[in-house]
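Undergrad: Sequence and predicted structure, then a few things I'm wondering about:
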Amino acid sequence: MSASEPYIVRRFAASDADSFFDAVRDSIDELAYWLPWCKPDYSIREARAWMEFASEAWESGREYPLGVFEAASGKVVGGTGVNHINKDYRTGNIGYWVSSRYTGKGIARFAACKSAVLGFEELGLTRLEIVVLTHNKASARVAEALGARFECEARNRLYFQGRPHNAFVYSLVPEDCRKH
């Protein structure tokens, strides 16, 4: 990371719970639609539980949640990470979200890129997918800006708001990240 980068991507720490809670609460109207864990009554207790889960997930190697932080203030502005890991096939998934007041600044692409570096360089994965609901245009733009290759529209690929939905599947392989 260069000194001029305004954002940092790193593991969450227990001390990030309050800032995480603030970022979620500031964005509840937008996030609640897309993310099932984000609901109107999201509480500080749930934010603290997420910090515990994130730590345990890293320790177990189950998944690798990351926080996205404003470099100057240390405030949480979003999240990313590598999950749905299949160690046998060396594959995983990248997800990302950005607090509403920080959208449109390239932060999701920056964060997803850091997750890809983690997946390929540290975890030794050979394929990462970004799976996007077909009507989530913003997330699809992030995948495309990252250089992910559109592969297909997969039928019933995601379960969303109580029913199956089609999703666009994008992929990254290590060579894709070397291009950026």
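TA: Sure thing, it's come through.
Undergrad: got any ranges where the protein has weak pLDDT?
TA: 1-3, 178-180 (pLDDT under 70).
Undergrad: again, only using 90
TA: 1-5, 29-39, 176-180 (pLDDT under 90).
Undergrad: now the strands: where do they sit in it?
TA: Ranges of strands in the chain, per DSSP state E, are 7-10, 64-70, 76-86, 91-98, 127-133, 149-160, 163-172.
Undergrad: possible to save these as TSV with distance to Ser27 and mean neighbour count?
TA: Bear in mind the C-beta positions are built from the backbone N, C-alpha and C, glycine included. Output for those, formatted as TSV (distance: least, Cβ to Cβ, whole Å; neighbours: other Cβ atoms under 10 Å):
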stretch	distance to Ser27	mean neighbour count
strand 7-10	16	18
strand 64-70	13	22
strand 76-86	9	21
strand 91-98	8	23
strand 127-133	18	22
strand 149-160	18	13
strand 163-172	22	18
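Undergrad: Serialize those strands to TSV and add fields for distance to Glu121.
TA: Converted to TSV, these look like this (distance: least, Cβ to Cβ, whole Å):
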stretch	distance to Glu121
strand 7-10	13
strand 64-70	12
strand 76-86	11
strand 91-98	13
strand 127-133	12
strand 149-160	19
strand 163-172	12
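Undergrad: can you list contacts of stretch 155-168?
TA: Identification of contacts with stretch 155-168 by Cβ atoms under 8 Å, 6 or more residues apart in numbering yields Val131, Val132, Leu133, Thr134, Ala140, Ala143, Phe150, Cys152, Glu153, Ala154, Val169.
Undergrad: buried sites along the longest helix anywhere in the chain?
TA: Identified as the longest helix of the chain according to DSSP state H is helix 44-60. By 16 or more other Cβ atoms under 10 Å, the buried positions in helix 44-60 come out as Glu46, Ala47, Arg48, Trp50, Met51, Ala54, Ala57, Trp58.
Undergrad: Ok, which of the strands of the chain comes nearest Asp29?
TA: Nearest of those to Asp29, taken as Cβ to Cβ: strand 91-98 at 13.4 Å.
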